[in-house]
Every structure is written in C-alpha cells, then in structure tokens.
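1. requesting a structural model of the entry that follows:
(one chain, ligands or ions: 1)
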Amino acid sequence: MEKVNVLILHKLPFNSESLFDKQFNIFRYDDNFKNEEIQALIPLLTDEVSKELIDSLPDLKIISNVGVGYNNIDYEYALSKGIVVTNTPGVLTESTADLTFALILGVARRILEADRFLRDGKFKGWDLTLFLGLELSQATLGIIGMGRIGQAVARRAKGFGMKIIYHNRKRVSEDSEKELSAKYVPFDELISTSDIISLHCPLTKETHHLIDKNEFLKMKDGVIIINTARGPVINEKELVNFLKNGKVKGAGLDVFEREPEVEGDLLHMENVILLPHIGSATHYTRKRIVTLAVNNVIEFFKNERPLTPIK
Ligand code: GLV
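-> Next up is the predicted model:
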C-alpha cells in the first residue's frame, strides 16, 4: 500500500492517533503539507467542511467525522465527488441518552434551582410546597427522532413509568414500539400533547427550526423542552420568548443555535439548564468515538470499506 496522508484538524486524545501504523503520515492544519497529497481528513463535529475546503484537497478520498451528527460537512457535495463520508454512530447512544435523562430529571425536579436556593442560605426547613416539580410517572414524553438515541431515551423513560409518544420520518418496527412502549403519533399531535419534548433528530435542511413560533404556540402550557441534538433544530430566540411568557416552563439544553454562543437571556433564567455540549462526554464513550473515527480511515485504506459510512 502506498503511504496515506491524513489531515487531522485537531489533535485526537486517548492516544488514538497511535492506531495509525507507518503506512500513514499524520498532518495537522498548521504543518507543512501539500494540499494535493492529502487523502483523508478527520474533522471534529465543530469543524466546518465546506465545498471550498473539499475542493482545496484534490486527492481527498475520505472524510471521517468525529461525531455522529455530520451537519458540519457539505456531505452531498463530498458524495457527489465520490468522497466517502463516515461518522460515529452507535458508540455514543447510551451516554447521550443518559445525559438527556439528567436534563429531563434536572428540569422536571428543578435540581439546579433548588441547589442554588440552598447555597444562597435560603433553606430554612422542610416545606410541603417547596420546589414542586413535574411527576415523571404522570407525564407524557414526546420524542422527536426515534433513531438509536431516541430509542435509548425511550427505554429509560419506560423505566420511569412515563407515557411515551414519538414522531420520526419512518415508523420504527412494531416489535421496537412494543419493547419501548412507545406510540407513533403525527408531529402536530406530539407537539400539542407532550409534557416534555425531547429532540433526537439530525440537523438537516428539513429540521432547521423544526421547533419555531408556530410549534411553541401549539404546545401545552408548562411544557418542558430538552435538546441534546443540535441547536438550530429550535429557533432559540422563540424559545426565549416562550420561556419568558411562561408557556414553556423549563428547558434543558446541551446544544445551541450559534455554539458556543448562548442567547444572553437564557443565562439569567432559573428554569433552564445549560450545558456545554457534553452529551457523549464520558471517558468510555469519547474514547470509543475517536477510535471509531480513526478506524474508519484505517479500514477504508486497508480493506476498501470504512466501518460506518453515512450512506
Ligand atoms: C455529538 O453531538 C455528536 O454528534 O456526536
């Protein structure tokens, strides 16, 4: 095999780059390399891989994204040029579902508000009406996007005794619906009947601002919004408006429309939890993500088949 030149946009942790044997040359963005010599590109999900970047690497054969979402890549353009695109599905399902549930519990039971209250010295004794929240066993969870992560969230919700409804482009199998105790409903019904709405769809042209003013208007009063998918699926300004007028009671957000920027007003709201995109951030998962991204490149050049192509 000829030497393969790999451009890694950010140094990968967990010693994962050592998986590349001597058939691979590794370059960083600020190294001296010739664009014409790069065959593989490994971006993080925060690196924009535009048409221009793709065109600037004329011998590029594979783009191996570090992350399951690949909205950062102009993948249609890459695929049209015969470039293989891979992502990291499967390995981050459980950790992301866990974090989603941390947000669901955190917002429903007002954990951060209550913690701040105590730290502020306001806890003067047990009180029957202190920090009343939403009882999960009496609540309906609406899951938008029933892929691997949506299903893992449903599995957890079932354990909490929640009523589970979902919407997805395609209905999942009857067996899965049974196992998850999840009922397929039209999008509008999900929007108007859920107590908690959790987003698990990819960001595409179709899902950009999927949750906008019209959708907020149709929601139940006091709804809770959870987003561990991608920020632009929600119109963040409208979310702020509906949090302000009380229609939305609380929100748990791990992703933002203009990451790492956050709508200023959110920072001052008691009833929202804001996290710095840590859905998959466990030692176990993050190591598996970078290992899969590296192995996609290795397998592609050694066996002509990457492990997890997007198409
Ligand atoms: C995380 O956001 C991912 O897409 O892997």
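
2. what residues does the protein put near the ligand?
-> Within the chain, the positions lying close to the ligand (C-beta under 6 Å from any ligand atom) are 45, 67-69, 92, 279-280. For the C-beta atoms, the positions are set from N, CA and C on the backbone; glycine is no exception.

3. now do 5 Å
-> Neighbours of the ligand within the chain, by C-beta under 5 Å from any ligand atom: 45, 67-69.

4. now rank these by neighbours and give me the top one.
-> Neighbour counts for those were taken using other C-beta atoms under 10 Å; the highest belongs to residue 68, with 24 neighbours.

5. who's in contact with it?
-> Under the criterion of C-beta atoms under 8 Å, 6 or more residues apart in numbering, the neighbours of residue 68 are 87-89, 92.

6. at 10 Å what do you get?
-> Residues in contact with residue 68, defined by C-beta atoms under 10 Å, 6 or more residues apart in numbering, are 45, 87-93, 96, 147-149, 202, 279-280, 289, 292, 308, 310.

7. how about JSON lines for the residues of the chain next to the ligand, with pLDDT and secondary structure added?
-> Output for the residues of the chain next to the ligand, formatted as JSON lines (pLDDT from 0 to 100; DSSP: H, G, I helix; E, B strand; the rest coil):
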{"residue": "45", "pLDDT": "97", "secondary structure": "coil"}
{"residue": "67", "pLDDT": "97", "secondary structure": "coil"}
{"residue": "68", "pLDDT": "98", "secondary structure": "coil"}
{"residue": "69", "pLDDT": "98", "secondary structure": "coil"}
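
8. now for these: which two are most distant?
-> The largest separation in the residues of the chain next to the ligand, counting by C-beta to C-beta, is between 45 and 68 at 8.1 Å.

9. re the thing from before, export the residues of the chain next to the ligand as a markdown table, with columns for distance to residue 104.
-> Below are the residues of the chain next to the ligand laid out as a markdown table (distance: C-beta to C-beta, whole Å):
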| residue | distance to residue 104 |
| --- | --- |
| 45 | 23 |
| 67 | 22 |
| 68 | 20 |
| 69 | 20 |
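
10. circling back to that earlier point, what do residue 45 and residue 68 both touch?
-> Residues touching both residue 45 and residue 68 (C-beta under 10 Å, 6+ apart): 87-88, 280, 289.

11. can you name the two of those residues that sit furthest apart?
-> Among the shared contacts of residue 45 and residue 68, the pair separated by the greatest distance (C-beta to C-beta) is 87 and 280, which sit 12.3 Å apart.

12. now do the shared contacts for these two.
-> The overlap between the contact sets of residue 87 and residue 280 (C-beta under 10 Å, 6+ apart) consists of 45, 67-68, 289.
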